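Chemist: Predicted model and sequence below, questions to follow.
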Amino acid sequence: METKITASNLNLSFGDTHVLKDVTIDVYKNTITGFMGPSGSGKSSLISIINRMIDFENNVRIEGDVLIDGKSILDGSSNPIELRRRVGTVFAVPIPLPRSIFENIAYGPRLKGISDRTSLHHIVEDSLKKAFLWDEVKDRLNTSALKLSGGQQQRLCLARTLALKPEIILLDEPCSGLDPISTAKIEDALSELKSDYTIILVSNNTKQIARISDFSAFFYLGTLIEYNTTDKVFTAPVEKRTEDYIQGKFG
Amino acid sequence: MTDRTMLKERFVKWVLITFALSSLLFLFLIFVFILAEGLPLFLKVGLKKIIFGFKWAPTKGYFGIFPMIVSSFLVTFGALVIGAPLGLSCAIYLSEYSGKKTKMFLKPALELLAGIPSVVYGFLGVIYIVPLVRNYLGGSGFSLISTSLILGVMILPTIISISFDAITTVPKTYREASAAMGATKWQTIYKVILPSAKSGILASFILGMGRAIGETMAVIMIAGNALKIPTSILDPLRTLTGNIALELAYATGDHRLGLFSTGIVLMVIIMALNYLANFGIKRKPAK
Amino acid sequence: MRVNPRIINQAVRVGLSAQALFTVSILVVIVAIICVKGFPYIDFAFIFSFPEDMGRHGGIFPSIVGTIQLALLSILLATPLGVGTAIFLTEYTRESAFTKLIRFGVESLAGIPSILYGLFGFIFFVIKLKMGWSLLAGVLTLTIMILPTIIRTSEEAIRAVPRQLRIVSYSLSASKWETIKKVVLPAAMPGILTGIMLSIGRAVGETAAVIFTMGSSLRLPLSLMDSGRTMAVHFYILAREGISMEKAYGTALVLVLSILLINVVAYYLMNKAIARYS
């Protein structure tokens, strides 16, 4: 299997707090990899390094490296703006921009310089279909995105990310605020998307990870405790702490 | 493509820094040009003869502005006597008593008082207040008391909005704790809220003073502009601002420089007041 | 004898309400007087004809045009400077000695009374830069005078835009300036417009800073180097020199109504801005 993302001996501190400790992991292409762990485990911080959103935090110190397709994304020659075109992100809380559904999705493509209406329309339709939202909004693309329900907004955010045509999609607890039906729709969309993208799903919901991810990583207090195929992690975990977490004994 | 983005980013940043620096540049220019015009006269005539001189006859070499300094403070004090209690009452009413709907209407209405041009205040003062004072209290009506009345109203918006902010930032828990101990609303306000908002309220008074002492057009219309220290509230007077506005259009030579010296004194007073007010606002209790 | 605190409480409530009512009635009375006294003297001709005999007869057309020219040109200059400064202070720096210095400059400018702006504009633009009494000197002076208002209101409006919107924009590969232009400024627009409207109101009502820079020529300013007379200045001269009480009231009515209208629009925008994120 082809490696897409590699973190090697990655350490991250915010001021005096050591958030990631010597994390080394390979994420494979065209898979869904689940990152799980209790809060404070460092799983979300790892994601914010991969998309370089960590740049907007203060007092950050990073050691080690992260590679995408074998090239470092942390060294001086790497351009975070270009990186974020390859690495799309969906956040925990859906945050539509205060503009229409169409313009939300067209935001990324427009930044790339795509401005003709037909191309944009094509991208918007394609992205909304992939996010399983097209049928619900196709008649009201010009209404404000803020009028959508929470579940629809989160799928809009997914579609908006897809419109960037990224290689990697990072989802940071995307279903934490959603009802079961909306969650199911997002999960269905992700399962279909993995053939074209490399997906990392951060979640507190171990059942969700078990349902849709191919690989699972368990983080605890900044350390990668266990990483294997989802089958192995959930049926025969090596570490006691992994087993306890999966069984809901803590977290 | 992204190199161009980076270049653009850097360009924008430098443009914005330049814009931000423009405020400092303007302040610098204002200082330099007013000082450059006004200071030489201080050196030539002497600080004491200007600030403590009683006689203003600039064409004859007398540049004493002491009566104007005293007058400026007198009208400012008079404005405060009228504006401070009324303004504070309005601020308390707005924040503690008025309902949401009343507030929605009342607050902008009170702030609108600040939008009425100074010349309109002056005009109405001449038409209504001056005759009232003349007929009921005596004198010409162009007087310390008329000016103070008008200025008192003009500084209301400043006092109201800044005290209101100070009062509303008093933490809710203070009110709840006081109410829980059985205090009436007024006891809570008087014993808890006003003491904690004290420095902000004081700042609002000082900024109100700054507004009053800098006010010009209304003052020259109502004050009578006489060149002496008023001995009663019915006497006319001339303020520092009035002195500049009355004579700038035709003054030349040393006379004009004298007006800039007046400006320097005014500037120093305003700066001192602003410094005091900032001190008060910064000590506002944290939320 | 101790008075029952409840009775004091009621008395205070009544007293404070009365004072608030009194204060508002001052505004109402001012507007009412101007309206009642001014209304008989304004008509189509008053607005659109030229003054005759120093303003004793005729209309106020040139001063209406002069007011609009002065206010709009000052806003045109002050808005990019002010909004740019606000963007710099909120988006491009952390609090530092440098931002403190700039804030100090802005606060100081805000505290300077208008007569000192007049004094400065007179010596710097009119005399030293040899602009003479002119629209240009008036515009430049007022630009500096209204700058602090625009900076403060814009800064507040920009700060009120939730941080998450910026984060989302960055995550979609926007650069800083793209984020500001496409997300932050549109979201902050009602607040910024409030500041602009309040500044226009201030420029329209200003007299002391205008009379010594733009002068008081009764002619219609046709170029930047022409002197002109705003409504506020015209009104001041009519009233102070006792030229015509009728025309003074008429001018005051147009002046006060314009300012009321501008302020009402400003409050409308402000409420819109507040409603947006609460």
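Modeler: Arrived safely.

Chemist: Which elements pack onto whichever strand or helix holds residue B:132?
Modeler: Take DSSP states H and E as the rule and residue B:132 turns out to sit in helix B:130-136. If contacts are counted by 3 or more CB pairs under 8 Å, 6 or more residues apart in numbering or on different chains; DSSP states H and E, helix B:130-136 sits against helix B:144-154. C-beta: built from backbone N, CA, C; applies to glycine.

Chemist: pLDDT score for the residue nearest the centre of chain B?
Modeler: Most central in chain B under CA atoms, centre = their mean is residue B:211, positioned 1.2 Å from the mean C-alpha point. pLDDT, the model's per-residue confidence, is 94 for residue B:211.

Chemist: Spell out which residues of chain C are next to chain A.
Modeler: When proximity is defined as CB under 8 Å from any CB of the partner chain, chain C approaches chain A at C:164-165, C:167-175, C:178, C:182-183, C:186-187, C:276.

Chemist: Can I have the buried ones of these as a PyMOL selection?
Modeler: In PyMOL, this line selects whichever of these come out buried by 16 or more other CB atoms under 10 Å in any protein chain shown:
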select buried, chain C and resi 165+167+168+169+170+171+172+173+174+175+178+182+183+187+276
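
Chemist: Keep the residues of chain C next to chain A, but drop any that are not near chain B.
Modeler: Applying CB under 8 Å from any CB to those, one finds that residue C:175 fall near chain B.

Chemist: out of the residues of chain C next to chain A, which are inside helices?
Modeler: Mapping the residues of chain C next to chain A onto helices (DSSP state H) picks out C:164, C:165, C:167, C:168, C:169, C:170, C:171, C:178, C:186, C:187, C:276.

Chemist: ok, so of the residues you listed, who is nearest chain B?
Modeler: Nearest to chain B among those is residue C:178, at 8.0 Å by CB to the nearest CB.

Chemist: Which pLDDT value goes with that closest one?
Modeler: Per the predicted model, pLDDT is 94 at residue C:178.

Chemist: how much space between it and residue A:96?
Modeler: From residue C:178 across to residue A:96, the span is 18 Å (CB to CB, to the nearest Å).

Chemist: cool, residue A:75 as well?
Modeler: Going from residue A:75 to residue A:96 by CB to CB gives 34 Å.

Chemist: ok, now residue B:50?
Modeler: In this view, residue B:50 and residue A:96 are 65 Å apart by CB to CB.

Chemist: now swap in residue B:232 and tell me
Modeler: Residue B:232 sits 68 Å away from residue A:96, going by CB to CB.

Chemist: Tell me what angle the host helix or strand of residue C:27 forms with helix B:144-154.
Modeler: Using DSSP H and E, residue C:27 maps to helix C:5-38. Between helix C:5-38 and helix B:144-154, the angle comes out at 100 degrees (axes from the mean of the first three to the mean of the last three CA atoms, to 10 degrees).

Chemist: Give me the three-state assignment for residue A:23.
Modeler: When classified by DSSP: H, G, I helix; E, B strand; the rest coil, residue A:23 comes out as strand.

Chemist: give me the number of residues near the closest residue to it other than its chain neighbours?
Modeler: Excluding the flanking residues, the one nearest residue A:23 by CB to CB, 6 or more residues apart in numbering or on different chains is residue A:10, at 4.5 Å. Here the count is done by other CB atoms under 10 Å in any protein chain shown, and residue A:10 has 23 residues near it.

Chemist: For residue A:10, which three-state class applies?
Modeler: strand.

Chemist: was I right about it contacting residue A:63?
Modeler: Yes: applying CB atoms under 8 Å as the test, residue A:10 and residue A:63 come out as touching, 7.4 Å apart.

Chemist: Quick check: residue C:197 touching residue C:261?
Modeler: No: in this structure residue C:197 lies outside contact range of residue C:261 using CB under 8 Å: 9.7 Å.

Chemist: Please say which of those two ends up with more neighbours.
Modeler: More crowded of residue C:197 and residue C:261, by other CB under 10 Å: residue C:197, with 22 against 12.

Chemist: what packs against the strand or helix carrying residue C:147?
Modeler: Per DSSP H and E: residue C:147 is located in helix C:135-159. On a contact count with 3+ CB pairs under 8 Å, 6+ apart, helix C:135-159 meets helix B:2-45, helix C:61-87, helix C:97-111, helix C:114-121, helix C:185-205, helix C:208-211.

Chemist: just the angle between it and helix C:97-111, please?
Modeler: On the basis of the same axes, to 10 degrees, helix C:135-159 is oriented at 130 degrees to helix C:97-111.

Chemist: Buried ones in helix C:135-159, by neighbour count?
Modeler: By neighbour count on 16+ other CB under 10 Å, the buried set for helix C:135-159 is C:135-158.

Chemist: repeat for stretch C:226-245
Modeler: C:226-240, C:243-244.

Chemist: contacting residues for residue C:101?
Modeler: Residues near residue C:101 by CB atoms under 8 Å, 6 or more residues apart in numbering or on different chains: residue B:24.
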